[in-house]
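[1] Sequence below, structure please.
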Amino acid sequence: MQDSLPHQVVASELEFPEGPVAMNDGSVLVVEIRGACLTRIRRNGARETVARWAGPDRAGPNGAAIGPDGACYIANNGGFVWSRRGDYTVPADPATGATQPDAYVTGSIDRVDLDTGEITTLYTHCEGQRLCGPNDLVFDSDGGLWFTDHGKRRAFDEDRCGVYYARPDGSMIERILFPLHAPNGIGLSPDEHTLYVAETPTGRLWSYPVTRPGVADAGGARCLVNMLGRFDSLGVEADGTVVVAAIEQGLCIVRPDGEVSSLEVPGPAVTNVCWGGEDLRTAYVTESLEGKLYRYEWPRPGLALAYSA
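    Below you'll find the model as predicted:
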């Protein structure tokens, strides 16, 4: 892998974009966390608002994935504190590092009807405990939904977090892995026998054996990478390569044989990657602080996800 690849800006002036989803018609969905909306970006650069939540101190669409019914499912972090730091607007209080706003109630897993924009909240709690800050999600071919809860920070404490599994009809949610330190990105191997989870503050990428849908073996955990920087979301390629957004450092690429390399991406906050196009060799990467969506011609195909629309 080269240290850099040619790229194009697909869209700019987005309000903290994350969760890109490449659609079958060539458009790309992104969440805008600070804008509290789900946005569709057309091939010609035109954009439209698909759904909008309450203000960004009460809702924060953070991750997105197409489910078995063709709807878009959203990991909603429940809102952030937004503050100006230098040239950028950041999701934290610079003085304390707190991310939880005064208006915050809970995080949730939401369903968005892509035709009408209707938002349905499916889950706000698990086993009597609220979802503090759902961040990223992935479906398996059994129709189940894996997601991370990143939690919230306050001035003097922060949430203990984990990984959950749920059904998209609202009938079942379970806490599967706990505790983890602010888990963020999540993905499945091509055979769905391995679950990948990235922790933000530790810069660790974990793998867990999946013994059956919705069951991951915490005792079989392996740390594949431990970076000095911070990890955000991740994507998986068709050959099992895991690509993790390393925020300030670009993309961290972990090959199946364990080789680790990096790809430079412009901007100070690289957060997500997904693949689209007929051959899945077009990578879409979000840079959140500068509000940009990039397009790269990728040297290998991305993994075809369980569901698309």
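[2] Pretty sure G219 sits in a helix.
    Yes: counting by DSSP: H, G, I helix; E, B strand; the rest coil, G219 is found in a helix.
[3] Which pLDDT value goes with it?
    As predicted, G219 sits at a pLDDT of 97.
[4] neighbours around D113, how many?
    Applying other Cβ atoms under 10 Å, we find 15 residues neighbouring D113. The way it works is simple: take the backbone N, C-alpha and C, and place the C-beta from them, glycine included.
[5] Report the contact partners of it.
    A71, T120 (Cβ atoms under 8 Å, 6 or more residues apart in numbering).
[6] Please apply the same query to R204.
    Residues in contact with R204 (Cβ under 8 Å, 6+ apart) are A198, C223, V225, N226, M227, F231.
[7] So the fifth one is in contact with A246, correct?
    Yes: under the criterion of Cβ atoms under 8 Å, M227 is in contact with A246, at a separation of 6.2 Å.
[8] shared neighbours of these two, which are they?
    With Cβ under 8 Å, 6+ apart, M227 and A246 have common neighbours G203, C252.
[9] Mind checking which of those two has more residues around it?
    Between M227 and A246, counting by other Cβ under 10 Å, A246 is the more crowded of the two (26 against 18).
[10] Can you verify my assumption that the more buried one contacts C252?
    Yes: assessed by Cβ under 8 Å, A246 is found in contact with C252 at 4.5 Å.
[11] Quick check: neighbours shared by these two?
    Common neighbours of A246 and C252 (criterion: Cβ under 8 Å, 6+ apart): M227, F231, S262.
[12] T202: what secondary structure?
    Classification of T202 using three-state DSSP returns coil.
[13] In contact with W53: list those residues for me.
    The contact partners of W53, by Cβ under 8 Å, 6+ apart, come to A36, C37, A59, G60, P61, N76, D110, I119.
[14] do P266 as well
    Counted by Cβ under 8 Å, 6+ apart, P266 has contacts H7, E287, E290, K292, Y294.
[15] again, 7 Å this time
    Applying Cβ atoms under 7 Å, 6 or more residues apart in numbering to P266 gives the contacts E287.
[16] and it, what pLDDT?
    As predicted, P266 sits at a pLDDT of 96.
[17] Can you verify it is assigned to a helix?
    No: counting by three-state DSSP, P266 is not part of a helix but coil.
[18] Using pLDDT, spot the least trustworthy of the contacts of R204.
    Lowest pLDDT among the contacts of R204: M227, 92.
[19] doesn't L205 make contact with that residue?
    No: using Cβ atoms under 7 Å, M227 makes no contact with L205, being 8.2 Å away.
[20] quick one on the thing from earlier: possible to save the contacts of W53 as a markdown table with distance to D279?
    Below are those laid out as a markdown table (distance: Cβ to Cβ, whole Å):
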| residue | distance to D279 |
| --- | --- |
| A36 | 34 |
| C37 | 30 |
| A59 | 36 |
| G60 | 33 |
| P61 | 29 |
| N76 | 32 |
| D110 | 32 |
| I119 | 33 |
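[21] Which ones among the residues you listed lie within strands?
    Per DSSP state E, strands hold the following members of these: C37, P61, N76, D110, I119.
[22] From those, list just the buried residues.
    Buried by 16 or more other Cβ atoms under 10 Å: C37, P61, N76, D110, I119, out of the ones in strands among the contacts of W53.
[23] D279: neighbouring residues, count only.
    Using other Cβ under 10 Å, D279 has 11 neighbouring residues.
[24] thought it was touching P301?
    Yes: counting by Cβ under 7 Å, D279 touches P301, with 5.9 Å between them.
[25] hmm, back to that, among the contacts of R204, who's most crowded?
    When neighbours are taken as other Cβ under 10 Å, the top entry among these is A198 (32 neighbours).
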